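> I would like to see how this sequence folds:
(one chain, ligands or ions: 1)
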Amino acid sequence: MEEILPGLYRVEVPLPRNPLRSVNSYVVRGEGRDLIVDTGMNREECASVLLRELRELGVDPRRADFFITHLHADHLGLVSSLRSGDSLVYFNRPEAELLSSWERMGGVILLTGIPDEELLRMMQTHPGRLYGPSALPPFTFVGEGSRIEVGEFSFTCVETPGHTRGHLCLYEPRRRLLLSGDHLLGDITPNLSPLSEEENPLGDYLRSLERTASLDVELVLPGHRRPFRDHRARVEELKLHHRLRAEEVLSLLEEGRKTAYELASEMTWDLEGPWESFPPIQRWFATGEALAHLRYLEEEGRVRRVEEGGGIRWELSARLSQGLG
Ligand SMILES: [Zn+2]
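As a prediction, this is how the structure comes out:
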């Protein structure tokens, strides 16, 4: 556990056999009630570490409130087993709706072109399915500008859609702190995967990056790995990364029409070994990332979808000579 400031702590909750390695849970001491920001997955390896660290801090989760940055299982998973009946669970409305209507995912799956047997393999190991909350708690909805006061800290919610459609950061202007969830990470590029057909996660993400760059921040407290400074430099790196990725997608499509899944299998990834050796769940996230770039380029008028053999393939919409600008 790390004391960030008096009354504010980072607990590293392990994620065994997951390339993220761990997730950060932040604990803010209040008067009477404490606030726990993100929780870890709904699995014994997470619960035992978080409960031990909370005990060490003298924090009783049954008398705490929770703030969940976004719907992913490593952030939301444990909340249902930690909370009590009078804990508030602050969360965003768009993702609460998504969690209660997974059938909307069907449209996205059509856009990916993932073969059926491969989809089955991916879903069998999906962390949301394995380690999500056992039952959804009643949420207290917050959005842009909502204030949460805990002890000496006064947080403002900042909507940062992109990594997920309803992602929220917590900003503490007086101490110039940004609890960034998975919106800004120091040495990992947050995955962008649409979860419903109409989403344009990369377009949203680039707008959210501009929004966060405009904040006066001294220290970023991310959802994974260590806190870091100079958030504007990180924003520039992430923008450049996605510009290069979009260019890679365009150049691969010069060879002809592809499904998002085929495209993902040809893009470059930070994982060891060939595409076929990636764990199915990593192929799932990679396909989501490819689709996020396709949807962005589609909105920009650079690529278009074509129905072919009952599936969707993507092609360049016109001869391209200029860069992405
Ligand atoms: Zn996430």
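> what segments of the stretch 201-325 of the chain are helices?
201-213, 231-253, 260-266, 280-299 (DSSP state H, counting those that start in this stretch).
> can the ones you listed go into CSV with extra columns for distance to E172 and mean neighbour count?
Heads up, the C-betas are built off the backbone N, CA and C, glycines and all. Supplementary listing: the helices of the stretch 201-325 of the chain in CSV, determined by distance: least, C-beta to C-beta, whole Å; neighbours: other C-beta atoms under 10 Å:
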stretch, distance to E172, mean neighbour count
helix 201-213, 14, 20
helix 231-253, 14, 16
helix 260-266, 38, 21
helix 280-299, 30, 23
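> relative to V89, which of the ones you listed is closest?
Go through the helices of the stretch 201-325 of the chain one by one with C-beta to C-beta and the one that ends up closest to V89 is helix 201-213, at 22.7 Å.
> and that closest one, what does it pack against?
In terms of contacts (3 or more C-beta pairs under 8 Å, 6 or more residues apart in numbering; DSSP states H and E), helix 201-213 is packed against strand 153-159, helix 231-253, helix 280-299.
> hmm, who's touching the shortest one?
Residues lying outside strand 153-159 but in contact with it, judged by C-beta atoms under 8 Å, 6 or more residues apart in numbering, are 7-8, 28, 67, 90, 92, 142-149, 166-175, 178-179, 208, 211-212, 215.
> which strands border that strand, and is each parallel or antiparallel?
Strand 153-159 sits in its sheet next to strand 147-150 (antiparallel), strand 168-172 (antiparallel), going by DSSP bridges.
> deepest-packed of the ones you listed, please.
Among those, ranked by average contacts under mean count of other C-beta atoms under 10 Å, first place goes to strand 168-172 (a mean of 24).
> now check that one, is it near the ion?
No: no part of strand 168-172 sits near the ion under the criterion C-beta under 5 Å from the ion; the closest distance found is 12.0 Å.
> angle of that strand against helix 201-213?
For strand 168-172 against helix 201-213, the angle between stretch directions is 0 degrees (axes from the mean of the first three to the mean of the last three C-alpha atoms, to 10 degrees).
> to M123, which of the helices and strands packed on helix 201-213 lies closest?
Of these, the one closest to M123 (C-beta to C-beta) turns out to be helix 280-299, at 8.1 Å.
> what is that closest one packed up against?
If contacts are counted by 3+ C-beta pairs under 8 Å, 6+ apart, helix 280-299 sits against helix 105-112, helix 116-124, helix 201-213, helix 231-253, helix 260-266, strand 303-308.
> can you redo the ones you listed as JSON lines with distance to G288 and mean pLDDT?
Output for those, formatted as JSON lines (distance: least, C-beta to C-beta, whole Å; pLDDT from 0 to 100):
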{"stretch": "helix 105-112", "distance to G288": "8", "mean pLDDT": "86"}
{"stretch": "helix 116-124", "distance to G288": "10", "mean pLDDT": "92"}
{"stretch": "helix 201-213", "distance to G288": "8", "mean pLDDT": "98"}
{"stretch": "helix 231-253", "distance to G288": "13", "mean pLDDT": "98"}
{"stretch": "helix 260-266", "distance to G288": "8", "mean pLDDT": "97"}
{"stretch": "strand 303-308", "distance to G288": "16", "mean pLDDT": "94"}
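> distance to W314 for these - can I get that in a markdown table?
Formatted as a markdown table, these follow (distance: least, C-beta to C-beta, whole Å):
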| stretch | distance to W314 |
| --- | --- |
| helix 105-112 | 9 |
| helix 116-124 | 18 |
| helix 201-213 | 14 |
| helix 231-253 | 6 |
| helix 260-266 | 7 |
| strand 303-308 | 5 |
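> that older thread, nearest to the ion among the helices of the stretch 201-325 of the chain would be which one?
Minimum separation from the ion across the helices of the stretch 201-325 of the chain (C-beta to the ion) falls at helix 280-299, 10.1 Å.
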